[in-house]
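A.B. asks: Below is the sequence, then the predicted model.
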Amino acid sequence: MKQIWLIAHKDFLYTIKDKTVLVWLFIMPLVFFAFIGTTTQGFSGGSGNQSTLGVWYEGPADDPVFAQLQHRLEAEDYLLRVFSPEQPLYNEKWTFEDYSRQLWVPAELQEPMAAGEPIEINYRIDNDGMGGDYHVFKVNKAVYQTLGDLLILKKTAPQDWQQLDFTQANEQPRHIKLLIDSAGEQQNIPTGFKQAVPGILVMFIMMIALTSGAMALYLERKTGVLKRLSAAPITPRQLILGKWLGKWILAACQLVYGMIMGALLFSIHWGEHWLMIFIMLMAWAAACAGFAIFMGSVAKNEGQINGIPVIVSMLLAALGGCWWPIEVAPAWMQQLALFLPTGWVMDALHELMYFGGTLADVMFHQFALYGLAILGLVLAFTKFNHEVK
């Protein structure tokens with residue numbers, strides 16, 4: 001065991017001497033966390049939760065048109081924060097510019113609408129990710145419903161509709177009624193950083209092992225280091241286990257770093273089953289370490305290591321749900337993810353972190369990852385090669 005640990009320790013230190021490895025180990029994951037998390041914020045669209053909308057309005061508070069517009073916006077699950085020169089702050093802290101969804105309503109509404117003149121309402125959305133179109137639709141819906149209420153007034157009160165008393169419109173019976181019933185417990189699909197941090201971490205564990213780990217082994221084969229080690233007083237079993245353990249430590253180092261940074265910088269809560277999450281990700285790291293030994297043993301040139309692992313990592317990450325929540329993908333893609341190792345990991349993470357799953361719910365995921373780790377180790381033993389032929 002002492003020989004195995006010595007080889008693993010030296011292998012780990014040799015790998016991290018490369019500054020490029022350090023960048024991809026500690027800096028690039030944070031960059032990807034921030035970039036992917038920001039761009040996929042709100043990816044799943046509306047989840048039924050209320051959204052805050054900043055409204056700038058300088059007209060009278062009793063304007064019936066503005067009151068009806070407020071009514072329609074609130075019906076779309078918006079929490080309205082109305083600002084004006086007389087009311088520049090909310091809760092003595094927030095200003096209108098603090099809101100990423102902003103609505104400008106002109107001061108004159110009642111008179112232009114009664115006179116049949118056009119009214120321009122401006123809406124701006126900033127950094128709302130891929131759910132932005134959903135909010136544009138909801139604001140447009142509220143505006144057009146207000147116009148529809150005006151048409152109801154013209155029909156039900158043709159003589160005095162200019163008074164714009166929308167009470168009659170709101171009390172009109174609806175001829176089409178939508179019945180809403182529960183179809184089961186709602187699952188809020190993780191988006192933004194909740195999806196990006198665990199997903200990108202899974203991808204980087206795989207990528208750092210299959211590139212840096214495999215490259216270090218290949219260079220040792222090419223330079224004859226492994227051939228000289230085979231003449232040392234160590235057994236082939238000790239050598240292979242030592243190399244495998246060194247790659248595993250490298251991947252585990254990134255795992256621990258990513259989990260800590262995810263919690264500190266991106267407020268990721270790993271859940272009450274965080275220990276099982278850590279164990280499963282360690283199994284994933286062990287599998288990747290085994291495949292790194294396999295790749296480093298069969299590669300015939302540096303180009304294969306620089307190209308094949310990166311392509312495989314990107315492909316498995318995209319199809320397995322590391323880049324976006326697989327729950328929003330087409331049904332065929334969700335089915336495909338169940339046959340991919342990245343899909344197993346991401347499905348287990350979502351189940352334990354966000355869908356209220358128990359350890360029993362991820363039992364088969366655990367067995368699959370443990371089996372994959374064993375397969376990686378078997379390949380490391382059977383395909384290990386001391387030199388480049």
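C.D. replies: It's in.
A.B. asks: So, low pLDDT: which residues of the protein?
C.D. replies: For the chain, the stretches with pLDDT under 70 are 42-50, 127-131, 162-163, 168, 174-175, 178, 180, 182-187, 230-231, 386-389.
A.B. asks: three-state assignment of the most far-flung residue of it relative to its centre?
C.D. replies: The outermost residue of the chain relative to its centre, with distances by Cα atoms, centre = their mean, is Q159 at 55.8 Å. Put simply, Q159 is coil when judged by DSSP: H, G, I helix; E, B strand; the rest coil.
A.B. asks: Which of the helices or strands spans R124?
C.D. replies: According to DSSP states H and E, R124 maps onto strand 122-125.
A.B. asks: what comes up buried for the helix or strand hosting I277?
C.D. replies: Taking DSSP H and E as the definition, one finds I277 inside helix 274-298. Buried residues in helix 274-298, defined by neighbour count with 16 or more other Cβ atoms under 10 Å: 276-277, 280-297. (C-beta placed from N, C-alpha, C; glycine too.)
A.B. asks: now the angle between helix 274-298 and the helix or strand following it, please.
C.D. replies: Next helix or strand after helix 274-298 toward the C-terminus (DSSP H and E): helix 302-320. Helix 302-320 and helix 274-298 meet at an angle of 150 degrees, taking axes from the mean of the first three to the mean of the last three Cα atoms, to 10 degrees as the criterion.
A.B. asks: Output the next helix or strand after helix 302-320 in CSV, but only the C-alpha positions, please.
C.D. replies: Proceeding N to C from helix 302-320, the next assigned helix or strand is helix 331-337, under DSSP H and E. C-alpha atoms of helix 331-337 as CSV (Å, rounded to 0.1, in the frame of the first residue of the first chain):
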residue,chain,number,x,y,z
ALA,A,331,-38.8,13.0,-24.8
TRP,A,332,-36.3,11.1,-27.0
MET,A,333,-33.4,13.0,-25.5
GLN,A,334,-34.6,12.3,-22.0
GLN,A,335,-34.8,8.6,-22.9
LEU,A,336,-31.3,8.7,-24.4
ALA,A,337,-29.9,10.3,-21.3
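A.B. asks: how far does helix 331-337 sit from the chain's center?
C.D. replies: Distance of helix 331-337 from the chain centroid (Cα atoms, centre = their mean, to the nearest Å) equals 18 Å.
A.B. asks: Tell me which residues are up against the helix or strand that it is followed by.
C.D. replies: Where DSSP H and E defines the elements, the next helix or strand beyond helix 331-337 is helix 341-353. For helix 341-353, the external contacting residues (Cβ atoms under 8 Å, 6 or more residues apart in numbering) are 190, 194, 198-199, 202-203, 206, 269-271, 273, 276-277, 280-281, 284, 287, 316-317, 319-322, 325-327, 336-338, 357, 361-362, 365-366, 368-369, 372.
A.B. asks: Which among those residues count as buried?
C.D. replies: Members of the contacts of helix 341-353 classed as buried by 16+ other Cβ under 10 Å are 190, 194, 198-199, 202-203, 206, 270-271, 273, 276-277, 280-281, 284, 287, 316-317, 319-322, 325-327, 337, 357, 362, 365-366, 368-369, 372.
A.B. asks: so F193 touches M261, yeah?
C.D. replies: No: with contact defined as Cβ atoms under 8 Å, F193 does not count as touching M261 (11.2 Å).
A.B. asks: just to revisit the earlier point, buried ones in the strand holding R124, by neighbour count?
C.D. replies: The neighbour-count check on strand 122-125 (16+ other Cβ under 10 Å) flags I125 as buried.
A.B. asks: Same question for stretch 371-379.
C.D. replies: 372-373, 376-377, 379.
A.B. asks: Quick one: list the elements packing against the strand holding R124.
C.D. replies: Contacts defined by 3 or more Cβ pairs under 8 Å, 6 or more residues apart in numbering; DSSP states H and E place strand 122-125 against strand 101-105, helix 132-156.
A.B. asks: Residues contacting that strand, please?
C.D. replies: Contact partners of strand 122-125, identified using Cβ under 8 Å, 6+ apart, comprise 100-104, 132, 135-136, 139.
A.B. asks: what distance separates the helix of greatest length in the chain from the centre of its chain?
C.D. replies: The residue-count maximum for a helix in the chain (DSSP state H) belongs to helix 236-266. Relative to the mean C-alpha coordinate of its chain, helix 236-266 is positioned 22 Å out (Cα atoms, centre = their mean).
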